[in-house]
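S.K.: after the sequence you'll find the predicted model.
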There are 2 protein chains.
Amino acid sequence: MSETEISSLGEFGLIDHLTRDFKVKNASTLRGVGDDCAVLDYDGKRTLVTTDLLLEGIHFDLTYTPLKHLGYKAVAVNLSDIYAMNGTPRQITVSLGISKRFTVEHINELYAGIYAACERYGVDLVGGDTSASVTGLLISITCIGEAQDGEIVYRSGAHDTDLICVSGDLGAAYMGLQLLERERVAGAGQEDFQPDFAGREYLLERQLKPEPRADVIAEMRQLGITPTAMMDVSDGLSSELLHICKESGVGCRVYEDRIPIDYQTAVMAEELNMNLVTAAMNGGEDYELLFTVPLTQHEKVEQMKTARLIGRITKPELGAYMVARDDTELEIRAQGWNAFTNA
Amino acid sequence: MSETEISSLGEFGLIDHLTRDFKVKNASTLRGVGDDCAVLDYDGKRTLVTTDLLLEGIHFDLTYTPLKHLGYKAVAVNLSDIYAMNGTPRQITVSLGISKRFTVEHINELYAGIYAACERYGVDLVGGDTSASVTGLLISITCIGEAQDGEIVYRSGAHDTDLICVSGDLGAAYMGLQLLERERVAGAGQEDFQPDFAGREYLLERQLKPEPRADVIAEMRQLGITPTAMMDVSDGLSSELLHICKESGVGCRVYEDRIPIDYQTAVMAEELNMNLVTAAMNGGEDYELLFTVPLTQHEKVEQMKTARLIGRITKPELGAYMVARDDTELEIRAQGWNAFTNA
């Protein structure tokens, strides 16, 4: 790969270079990159806005994160927030801080991932800001989406007797991170080190290239399921359950034997001598959808292929507990990832 | 000032702490901080989106930038982009990366400035992301605004014979930066050093606490002036004139003796032995509005208190030139600030 210094293009040159081939996909994008603002037309719809910041050394390690995957993931985690409101993502802005060790080719790779995610989920890149940084790479993405007025699902809508569901499986992204860290440490200083990822591809994919669950939203619409509350699982199921309970003023029971866990996650937990349920409940970065539905939609939920029932909402005074396989109740505590204490 | 470690609050604690007293001001803000997304209602209006990234060591130096001013400026530069489209800013998201040397009290100061700007310009804080950073402070702000369909002013609308106007005065923010840098160098290592800013307060204010020109937009509306093209002056008048010429496919003539320059700017340029017109044309960070109006609105423009006529738009083949006091024509070149080469 030939190397081009970013300073040879300058800020405007870099933006032109990165955005010139990008085609607008949404009718709501009236004007994208190239003026003081993007101009959007959300006539008759609600506008959703979410933003995420990813920092090198805090949220990602370029030793084992390919830049293309990083770009894809940076978009994916924002889209996940829009889907978590039952909305449709339409536009993103991408701001980058880039230190001197990165070349134009590096940033091309990052944008290849950003564009791949935009392409897959039908999202337009409409603006951003690009700057040198003193140390490392930082990515700040804002996503704008739309939703019909009555369709937006908040965290605060869960009621006593509602069913609790979660999509996909949990803990795999966390196990992928543990695996990557183990191999990084094992290979430190060895130039010809070959990391051992055989049979663990799913864990890596979950960590490095998560997919926002547009398919879960689509399946719910198809089955006529309307969630009462919803959010995406980014900090860990425990943390998110407590958010929904707090915002909705309710309690919950989730059943240990219903928590969806992939086979590779279980094998890896065994190998690392970690508690599997703790990893699934607190691991984070799953980007699955956690949602509640009225009890009357029980049969419809049972038909879902992308999500499963894991528990039920209770009156607030009953608290938030996980019911273990032996029927003991364990209080749910937020042990989710904290960017300030884990750093 | 007592000191509280940010890790003692955690991310959610910090966000709660920072946002709990913030009152929503706009009817279009249906839901702000506290869910996966903000929810906005821009029914019947166009949505404007802009974003800016401010990095310590690149865009600001905390040796001489009070955190409260920095917060205010970070919001102001985003609002300036919305006004530059002839829109009204309504919501912002604020993402922060914060290294360990900052305490909760520091971030309170930063937010005091953010809130002061929100208050003054009627803007709601509706979301964001907060994280530890390995080094220094970073601020990424996205601003959402609204405009009526036919009222949006792009960079691309200037026509031959249009008049070119600019608000306020130019070069003062750049001179303020030179002054702050001079005093920083002079005072380095001296604990009891007193910087000498007497008589230079305007330059400091322009650098540290710029105001977006909502008043210029208001005055134009009041006088019935409709700009054909507009942008804000962030990288320097030369750079912005070339943007408008390129986007509109036109040329321009601006007159040296019409460039608005404050007395303090002139005195400082003399003192620093710098070319005054170069500073005014290329200094940057003025956050004034540069706009063009049809020739037929000449009399209305002459009545404006917040802006003045500095030149005219020409056919593209005539190029972009500044007409000096001695009537020689100097080609306008972009020498604006470049975050990649100046870093």
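M.R.: Yep, that arrived. Numbering: from 1, shown residues only, chains lettered A, B, ... in the order given.

S.K.: what about the nearest residue to residue A:164 once chain neighbours are set aside, how many residues nearby?
M.R.: The shortest distance from residue A:164 to any non-neighbouring residue, by CB to CB, 6 or more residues apart in numbering or on different chains, is to residue A:311 (4.2 Å). The way it works is simple: take the backbone N, C-alpha and C, and place the C-beta from them, glycine included. The number of residues packed near residue A:311 is 23, by other CB atoms under 10 Å in any protein chain shown.

S.K.: can you check residue A:10 too?
M.R.: The burial count for residue A:10: 18, using other CB under 10 Å.

S.K.: list the contacts of residue A:6.
M.R.: Contacts here follow CB atoms under 8 Å, 6 or more residues apart in numbering or on different chains; on that basis residue A:6 touches A:14, A:98, A:102, A:103, A:104, A:107, A:132, B:340.

S.K.: related to what we said a few turns ago, confirm that the residue nearest to residue A:164 sits in a strand.
M.R.: Yes. Under DSSP: H, G, I helix; E, B strand; the rest coil, residue A:311 falls within a strand.

S.K.: so what sits opposite it in the bridge?
M.R.: residue A:164, residue A:254 (DSSP bridges).

S.K.: strands along the stretch 101-250 of chain A, start to end?
M.R.: Assigned by DSSP state E, counting those that start in this stretch, the stretch 101-250 of chain A shows strands spanning A:124-132, A:138-147, A:163-167, A:229-233.

S.K.: returning to what we had before: helices - which of the contacts of residue A:6 land there?
M.R.: A:14, A:104, A:107 (DSSP state H).

S.K.: in CSV, list those residues along with distance to residue B:213, neighbour count and pLDDT.
M.R.: Converted to CSV, the ones in helices among the contacts of residue A:6 look like this (distance: CB to CB, whole Å; neighbours: other CB atoms under 10 Å in any protein chain shown; pLDDT from 0 to 100):
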residue, distance to residue B:213, neighbour count, pLDDT
A:14, 28, 21, 70
A:104, 35, 20, 87
A:107, 33, 23, 90
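
S.K.: and stretch A:229-249, which residues are buried?
M.R.: Buried residues in stretch A:229-249, counting neighbours by 16 or more other CB atoms under 10 Å in any protein chain shown, are found at A:229-245, A:247-248.

S.K.: nope, stretch A:198-207 is what I was after
M.R.: Within stretch A:198-207, the residues that count as buried by 16+ other CB under 10 Å are A:200, A:202, A:203, A:204, A:206, A:207.

S.K.: adding distance to chain B and pLDDT, write those residues out as a markdown table.
M.R.: Listed next are the buried residues of stretch A:198-207 as a markdown table, based on distance: CB to the nearest CB, whole Å; pLDDT from 0 to 100:
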| residue | distance to chain B | pLDDT |
| --- | --- | --- |
| A:200 | 28 | 93 |
| A:202 | 26 | 96 |
| A:203 | 24 | 96 |
| A:204 | 24 | 95 |
| A:206 | 20 | 96 |
| A:207 | 18 | 96 |
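
S.K.: helices - which of these land there?
M.R.: Those of the buried residues of stretch A:198-207 lying in helices (DSSP H): A:202, A:203, A:204, A:206, A:207.

S.K.: in those, find the pair that's most separated.
M.R.: Distance extremes for those: the farthest pair is A:202 and A:207 at 9.8 Å, using CB to CB.

S.K.: rewinding a little: among the contacts of residue A:6, which one lies nearest to residue B:161?
M.R.: residue A:14 (34.8 Å).

S.K.: how close does the closest one get to residue A:324?
M.R.: Here residue A:14 is placed at a distance of 54 Å from residue A:324 (CB to CB, to the nearest Å).

S.K.: try residue A:116
M.R.: From residue A:116 to residue A:324 the distance is 41 Å (CB to CB).

S.K.: neighbour count for these two, which is higher?
M.R.: Neighbours per residue (other CB under 10 Å) separate residue A:116 from residue A:324, with residue A:116 holding more: 16 against 13.
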